[in-house]
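Asks: Pasting the sequence and the predicted model now:
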Amino acid sequence: MFVTPPRLHRREFLTASTVGLLSASASVAPLVASAEPTSKGRAKSTILFFLCGGASHIDTWDMKPDAPLAYRGPFQSIATTAPDIRLCEHLPMMAKQAEHIAIVRSVTDYGRATGDHHAGYYYNLTGRPPDITFRTQGNDRRPQPDDWPFLGSIIGSQQPPHPSLPQIISLPHKPSKAPYTRPGQFAGRLGFQHDPFYLKNDPENPLQFLAPSLSIADGMTASRLEGRKSLLAQLDSVRRRADNDPGYLRLGYQQQKAFELLTSGTTADAFRLEDEPEKTRERYGETINGLSLLMARRLVEAGVPFVTVFWKEHEGLKAKCKSAGGWDTHGNNFNCLQHNLLPEFDRAYSALIEDLSDRGLLDETLVMVTSEMGRRPKIGDPRSGGVAGAGRDHWTKSMSVLLAGGGIRGGQVYGSTDKFGEEPKDNPVGPEDIAQTVYAARGIESVQIRDTQGRPFNLLDEGHALDQLFG
């Protein structure tokens, strides 16, 4: 976490949600060359819906109805609008949109991850396997300046600058609570100027998003700072300090962007969910996650290249699910899915796909759903009472990823797992291949940057796009 050095008091700063995590001492110079285009790239924007905690593939979109009860659980599968896709019975609205969706069922970590959440975030958000520090430090491993970049940061760096909005926006929170901030969601060696901006949702009023989590230190308001001139004076002070202290470079940059957003009328319009018809808000579900997906749709309409919605955990589910309140269902897996997680996901995700399709935006918007891992197919986690606790432990040997729009052919399944859902049976792919597929949908094949010695290297030199998904 960024700590303001004592010689400059924090009251002097306008603070934004993206301030703090890494110093400016990155190991790679933030000089990005133009990317090489591909013929597949149709997508103008990407929405990444990340199911924080590790979503159970075997209970959702890779069900095993012929497996023993000890694996398959009580849920039944249902037919969908796509002949090749069957889904969980608790996803009826998603089933009606299946002709738009491709499911990659054979995603595996090849033994390269650790089973911890930090490593799962990092691998699936960057497409790069976790290094040895993830094994030695586990969930204590902090984001580092030389981490491989978040795929959203890479994509945002390759697009023309938006006239008034950030290139990359994440909402409705930054996973996870400091000091356990998840690695992989930042620009790392690409340079902090390519970090996402974070929109923070108000749990008491889900229609309200701060833009982007802007606040004035110690509860001050913009009017109390005597308007724009005072704000600019403070920003100039930050820049002067940065000349003598590289540790301020990151802060100064984010301060400037925060000021630009604060004073932009276009920004305010993009964030006004109150302008959406009540019927539309109800269709998405008036929850934090539902309205975050609605906000994502508004942002891609406004031309933002990359939007990430990190599933917001429910505090009230911690005890019930033996988790942080999200998809990490160590206990009571089936009740948590049936009564809490799946209904909210089903409504929100199906609404997004339907809405984008109805507005003619789906073909130019890639929508991806992923998570940090799958769940152990055999029911029973020792940490929650074994079989009696009805939980599923972490599982990195297999998981599924959903892709829709952006040139992806819907209604198809790529790859498969064995009869228990434990390991890929055919066409195994890694997170690096999923990342390359996302880049291909955006028309990006190569991104060259230079290291501190001025030597060029390609950020996208691992993995292969799943070309079969396009068409």
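Replies: Noted; the coordinates are in hand. Everything numeric here is computed off the predicted structure, so don't read it as measured data.
Asks: residue boundaries of the helices in this protein?
Replies: Secondary structure of the chain (DSSP state H): helices at 69-72, 92-95, 117-126, 132-137, 151-157, 227-244, 249-262, 265-270, 278-284, 288-301, 318-321, 333-336, 342-358, 431-441.
Asks: Among these, show the one with the smallest mean pLDDT.
Replies: Considering the helices of the chain one by one, the lowest average pLDDT is found for helix 227-244, at a mean of 54.
Asks: State the distance from residue 391 to residue 326.
Replies: 14 Å (Cβ to Cβ, to the nearest Å). Bear in mind the C-beta positions are built from the backbone N, C-alpha and C, glycine included.
Asks: returning to that earlier point: how about the helices of the chain in a markdown table, adding mean neighbour count and distance to residue 377?
Replies: Written out in a markdown table, the entries for the helices of the chain read as follows (neighbours: other Cβ atoms under 10 Å; distance: least, Cβ to Cβ, whole Å):
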| stretch | mean neighbour count | distance to residue 377 |
| --- | --- | --- |
| helix 69-72 | 14 | 5 |
| helix 92-95 | 20 | 21 |
| helix 117-126 | 27 | 17 |
| helix 132-137 | 14 | 24 |
| helix 151-157 | 27 | 28 |
| helix 227-244 | 14 | 52 |
| helix 249-262 | 21 | 43 |
| helix 265-270 | 14 | 42 |
| helix 278-284 | 15 | 31 |
| helix 288-301 | 23 | 26 |
| helix 318-321 | 17 | 18 |
| helix 333-336 | 22 | 11 |
| helix 342-358 | 21 | 18 |
| helix 431-441 | 25 | 20 |
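Asks: Need those helices in TSV (columns: distance to residue 209).
Replies: Listed next are the helices of the chain as TSV, based on distance: least, Cβ to Cβ, whole Å:
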stretch	distance to residue 209
helix 69-72	40
helix 92-95	24
helix 117-126	22
helix 132-137	32
helix 151-157	18
helix 227-244	21
helix 249-262	12
helix 265-270	10
helix 278-284	13
helix 288-301	6
helix 318-321	24
helix 333-336	27
helix 342-358	15
helix 431-441	25
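Asks: quick one, which of those is nearest to residue 455?
Replies: Judged by Cβ to Cβ, the one of those that comes nearest to residue 455 is helix 151-157, at 18.9 Å.
Asks: what number of residues lie near residue 373?
Replies: 31 (other Cβ atoms under 10 Å).
Asks: Revised request: answer the last question for residue 84.
Replies: Residue crowding around residue 84 was assessed by other Cβ under 10 Å; the count is 11.
Asks: so where's the stretch 301-450 of the chain shaky on pLDDT?
Replies: Residues of the stretch 301-450 of the chain meeting the criterion pLDDT under 70: none.
Asks: the strands in it, which residues?
Replies: With strands called from DSSP state E, counting those that start in this stretch, the stretch 301-450 of the chain shows them at 306-310, 365-370, 374-375, 394-395, 399-404, 412-414, 416-417, 424-426, 448-451.
Asks: most tightly surrounded among the ones you listed?
Replies: With neighbours defined by mean count of other Cβ atoms under 10 Å, none of the strands of the stretch 301-450 of the chain is more surrounded on average than strand 374-375, at a mean of 30.
Asks: that older thread, residue 281 is nearest to which of the strands of the stretch 301-450 of the chain?
Replies: Each of those was checked against residue 281 via Cβ to Cβ, and the shortest separation belongs to strand 306-310, namely 15.7 Å.
Asks: could I have the closest one exported to CSV, CA atoms only?
Replies: Coordinates of the C-alpha atoms in strand 306-310 are reproduced here as CSV (Å, rounded to 0.1, in the frame of the first residue of the first chain):
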residue,chain,number,x,y,z
PHE,A,306,-11.8,-2.2,-21.2
VAL,A,307,-14.1,-2.6,-18.2
THR,A,308,-13.7,-5.1,-15.5
VAL,A,309,-16.5,-6.0,-13.0
PHE,A,310,-15.1,-7.8,-10.0
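Asks: how much distance is there from it to the middle of the chain?
Replies: 5 Å (Cα atoms, centre = their mean, to the nearest Å).
Asks: So which other helices or strands are in contact with it?
Replies: Contacts defined by 3 or more Cβ pairs under 8 Å, 6 or more residues apart in numbering; DSSP states H and E place strand 306-310 against strand 45-50, helix 151-157, strand 168-171, helix 288-301.
Asks: ok, residues contacting the last one?
Replies: Right, helix 288-301. Counting contacts by Cβ atoms under 8 Å, 6 or more residues apart in numbering, the residues outside helix 288-301 that touch it are 44-45, 47, 49, 165, 169, 171-172, 199, 201, 203, 206-207, 209, 270-271, 273, 276, 280-281, 284-285, 307, 309, 311-312, 344-345, 347-349, 351-352, 355-356, 359, 361, 365.
Asks: Could I have the CA atoms of that helix written out in PDB?
Replies: Once side chains and other backbone atoms are set aside, the C-alpha atoms of helix 288-301 remain, and they are given as PDB (Å, rounded to 0.1, in the frame of the first residue of the first chain):
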ATOM      1  CA  ILE A 288     -24.200  -4.100  -6.600                       C
ATOM      2  CA  ASN A 289     -23.100  -6.800  -9.200                       C
ATOM      3  CA  GLY A 290     -26.200  -6.400 -11.400                       C
ATOM      4  CA  LEU A 291     -25.900  -2.600 -11.600                       C
ATOM      5  CA  SER A 292     -22.100  -2.900 -12.100                       C
ATOM      6  CA  LEU A 293     -22.800  -4.800 -15.300                       C
ATOM      7  CA  LEU A 294     -25.300  -2.200 -16.300                       C
ATOM      8  CA  MET A 295     -22.600   0.500 -15.600                       C
ATOM      9  CA  ALA A 296     -20.200  -1.600 -17.800                       C
ATOM     10  CA  ARG A 297     -22.600  -1.500 -20.700                       C
ATOM     11  CA  ARG A 298     -22.900   2.300 -20.300                       C
ATOM     12  CA  LEU A 299     -19.100   2.600 -20.300                       C
ATOM     13  CA  VAL A 300     -18.600   0.600 -23.500                       C
ATOM     14  CA  GLU A 301     -21.300   2.700 -25.100                       C
END
